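Colleague: This is a predicted model, with the sequence first.
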Amino acid sequence: MPHDIEKHSHSLLPSDPELKVKALETALVKRGLIDPAALDEIIDTYQNKIGPKNGATIIAKALLDKNFKKALIDDPMQILEKHGFLGRQGEHIKVVENTPEIHNIVVCTLCSCYPWPLLGIPPTWYKSDEYRSRVVREPRKCLSEFGVTLPKNTKVRVWDSTAEIRYLVLPILPDKYKDFDEEHLSEIISRDAMIGTALIGDPS
Amino acid sequence: MSRVHDMGGRYGDGAIQPASINDKNFKEKWHSRALAVTLATGSLKQWNLDMSRHARECLPPKDYCAFSYYDKWISALANLLVNKGVISADEFLDPIRKTHPLSSRKLLAADVAGVLSKGAPTSRSVVDSPKFLVGQRVKTRRAVNKFISGGHTRLPKYVEKCEGKIEIYHGAHVFPDTHAHNLGEQPEHLYTVSFLASELWESPENPSDTLCVDIWESYLEPMNVP
C-alpha cells in the first residue's frame, strides 16, 4: 500500500517557530476550530497544576510506607486515581523500583513519551537527541553527565517506553533521610530521580 | 529502512545538558502555544495519537534534526491539517474568516480539565489468549511496518532481530502500525521484553545491563526450541 502523507506543507509557514505557531493559531481561530480561551486553560494546567510534585507525593509515601509501596507497584492506577493524578499520557503507569542490585532509567528513543500527569512538562534534555540516542547504549556514561555514579555491582536497566505504558522510577531512600516526614521527603525527590538520572538528595 | 526519529543507539551525539531543578516551565512562550494548539486540535477528531506521532516522524530528516521539539509538533500539525483536508496551506499565510463545518467539535475552555484528565487509554479486550508467557525466550522480527511501506512502527531498529525474554504482560493494546494508517485499532497483546546489553551492542558498558522495550505480539516470534 502506498504511503501518502509525506506532503510537506509546513515549509510554507514562516520558518521562525514563534511565527509558525502564531500563523497556525490565527488560521485555526478564524475558522472557529480552536478557542484561544481553551488554549490558555491548557497552558495554565501544565504550567501551574501539573508538575513533578505529583510524582514526588506518591513516591515519598511509598518510601515511608511498605504497604503503600507494595500497592503502588502491584496496582498503581488505583492509587493514582485516588490522588487525582490520572490523565493524558498517564493512562497506563508502571512504577519500577531501584534496589542495590538494579538501577532503572526511563527514555523514549522513538519520540519523547513521558508521564505528564506525574512529572509535568518534560525537560529539554529528556527530549534531546543526545539522551534519546545514547542512554540505551551507554547509560553509565550518560549518568556521569548528570553527576551520578552507581556502585560497581549495580546493574542498569533502561526502559524504552515504546508503547503507551509510562514508567516512573521509585528511587532508593538514603539512610540519612529515613526520619523525614512525607512532606519534607517529597520536597527532595527530584523529577530526575523519578526518571532515573538522579538519586534522592542529588543537587541536580 | 529506518526513519530519522529511530535514533536509539546511534553514534555521534554529544554530551547531555542536564537542567536545573527549577527548569519546570515552558522555556519559551511559543512552546506553550504549540502544545496547546496541538492538543486543542485533537478534539476535532481528524487523527489519532499514532497518526500525529507518524506525522512528526515523516518530517524531512533535515527538518527533524534542525527543529526543536515543539517546532516538530507544530510543523507536523500543519501537515496533518492539510493532508487530512481540514484547512488548505493557503490559509497559513492568508487566513479566511469562515466558520468551518468541524467548528462544532471545537474544544471549549470549560471542557479542557475533563479532556486532559480523562486521557485516552489504549488497553482493549481481545478474544485470543496471549501467545507468550512471562519468562519465555522470544526473538524480534524486522523493525518495519508490515502493511505500509515506510509506515509507522514502534519496534526500534536497535532491537530488531534480537533475542530477549518476556518480562511483563500488559494485556492487549491498540496496534500503532495499523492505527496510524486508518487501518483500525487491531489490538494485540503487549509485552515488556528484556534484552541483555551484550545482545544489543558490540561493546556494552556492562554485558549484564538490560534494556526493557514494550513490544506488540506480532513484532515477536518464538525462539526455536533445540
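Modeller: Structure received.

Colleague: What residues does the most centrally placed residue in chain B make contact with?
Modeller: With distances taken as Cα atoms, centre = their mean, chain B has B:Arg53 as the residue nearest its mean C-alpha position (4.9 Å). Applying Cβ atoms under 8 Å, 6 or more residues apart in numbering or on different chains to B:Arg53 gives the contacts A:110-111, B:152, B:176, B:180. Just so you know, the C-beta spots here come from the backbone N, C-alpha and C atoms, and that holds for glycine as well.

Colleague: burial measure for A:Ala56, as a count.
Modeller: By other Cβ atoms under 10 Å in any protein chain shown, 22 other residues sit near A:Ala56.

Colleague: next one: B:His54
Modeller: B:His54 has 28 nearby residues by other Cβ under 10 Å.

Colleague: Could you report the distance from the residue lying closest to A:Ala62 once chain neighbours are set aside to A:Leu63?
Modeller: Excluding the flanking residues, the one nearest A:Ala62 by Cβ to Cβ, 6 or more residues apart in numbering or on different chains is A:Lys69, at 4.0 Å. Separation of A:Lys69 from A:Leu63 (Cβ to Cβ, to the nearest Å): 7 Å.

Colleague: Give me the pLDDT for residue 203.
Modeller: If you meant another chain, say so; for now it's chain A. On the pLDDT scale, A:Pro203 is placed at 58.

Colleague: Chain B, not that one
Modeller: pLDDT, B:Ser203: 96.

Colleague: and if you look at B:Asn224?
Modeller: So B:Asn224 comes in at 69 (pLDDT).

Colleague: if we can go back for a sec, neighbour count winner among A:Lys69 and A:Leu63?
Modeller: More neighbours surround A:Leu63 than the other of A:Lys69 and A:Leu63, with 22 against 18 (other Cβ under 10 Å).

Colleague: Tell me, how many residues neighbour the nearest residue to the more buried one once chain neighbours are set aside?
Modeller: The shortest distance from A:Leu63 to any non-neighbouring residue, by Cβ to Cβ, 6+ apart, is to A:Leu173 (4.4 Å). A:Leu173 has 19 neighbours, counted by other Cβ under 10 Å.

Colleague: Now do A:Leu173 against A:Leu199, distance only.
Modeller: Distance from A:Leu173 to A:Leu199, by Cβ to Cβ: 10 Å.

Colleague: likewise A:Asp75?
Modeller: 27 Å.

Colleague: out of those two, which sits in the busier spot?
Modeller: A:Leu199 (21 against 10).

Colleague: Need the per-residue pLDDT for the more buried one.
Modeller: So A:Leu199 comes in at 97 (pLDDT).

Colleague: Which stretches in the chain count as helices?
Modeller: Using chain A here. A:17-30, A:36-44, A:52-64, A:66-74, A:76-83, A:116-119, A:124-127, A:129-134, A:139-145, A:182-188, A:191-195 (DSSP state H).

Colleague: ah, no, chain B please
Modeller: B:29-42, B:49-57, B:61-66, B:69-83, B:90-93, B:109-118, B:176-179, B:197-200.

Colleague: contacting residues around B:Ala110?
Modeller: By Cβ under 8 Å, 6+ apart, the contact set of B:Ala110 is empty.

Colleague: quick one: it and A:Ile42, what's the gap?
Modeller: Taking Cβ to Cβ, one finds B:Ala110 at 12 Å from A:Ile42.

Colleague: max-length strand in chain B?
Modeller: Longest strand of chain B, by residue count under DSSP state E: strand B:163-173.

Colleague: and that one, C-alpha only, in PDB?
Modeller: These are the backbone C-alpha positions of strand B:163-173, laid out as PDB (Å, rounded to 0.1, in the frame of the first residue of the first chain):
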ATOM      1  CA  GLU B 163      16.700 -12.300  21.300                       C
ATOM      2  CA  GLY B 164      15.100 -11.400  24.600                       C
ATOM      3  CA  LYS B 165      12.900 -12.600  27.400                       C
ATOM      4  CA  ILE B 166       9.200 -11.800  28.200                       C
ATOM      5  CA  GLU B 167       9.400  -9.700  31.300                       C
ATOM      6  CA  ILE B 168       5.800  -8.300  31.800                       C
ATOM      7  CA  TYR B 169       2.500  -8.900  30.100                       C
ATOM      8  CA  HIS B 170       0.400  -5.800  29.800                       C
ATOM      9  CA  GLY B 171      -2.800  -7.100  28.300                       C
ATOM     10  CA  ALA B 172      -3.900  -6.100  24.800                       C
ATOM     11  CA  HIS B 173      -3.400  -2.600  23.400                       C
END
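
Colleague: What's the local residue count around the nearest residue to B:Ser2 once chain neighbours are set aside?
Modeller: Counting by Cβ to Cβ, 6+ apart, B:Ser2 lies nearest to B:Lys157, which is 4.6 Å off, once chain neighbours are set aside. With neighbours defined by other Cβ under 10 Å, the count for B:Lys157 comes to 20.

Colleague: Would you check that B:Lys157 makes contact with B:Val4?
Modeller: No. Between B:Lys157 and B:Val4 there is no contact under Cβ atoms under 8 Å: 11.3 Å.

Colleague: any low-confidence regions in chain A?
Modeller: Along chain A, the model assigns pLDDT under 70 to residues A:1-6, A:202-204.

Colleague: circling back to that earlier point, contacting residues around the residue nearest to A:Ala62?
Modeller: Here A:Lys69 is in contact with A:62-63, A:97, A:170 (criterion: Cβ under 8 Å, 6+ apart).

Colleague: Of those, grab the buried ones for PyMOL.
Modeller: The following PyMOL line selects those of those that are buried, judged by 16 or more other Cβ atoms under 10 Å in any protein chain shown:
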select buried, chain A and resi 62+63+170
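
Colleague: quick one: which of the contacts of A:Lys69 is nearest to chain B?
Modeller: Chain B lies nearest to A:Glu97 out of the contacts of A:Lys69, by Cβ to the nearest Cβ, at 13.5 Å.
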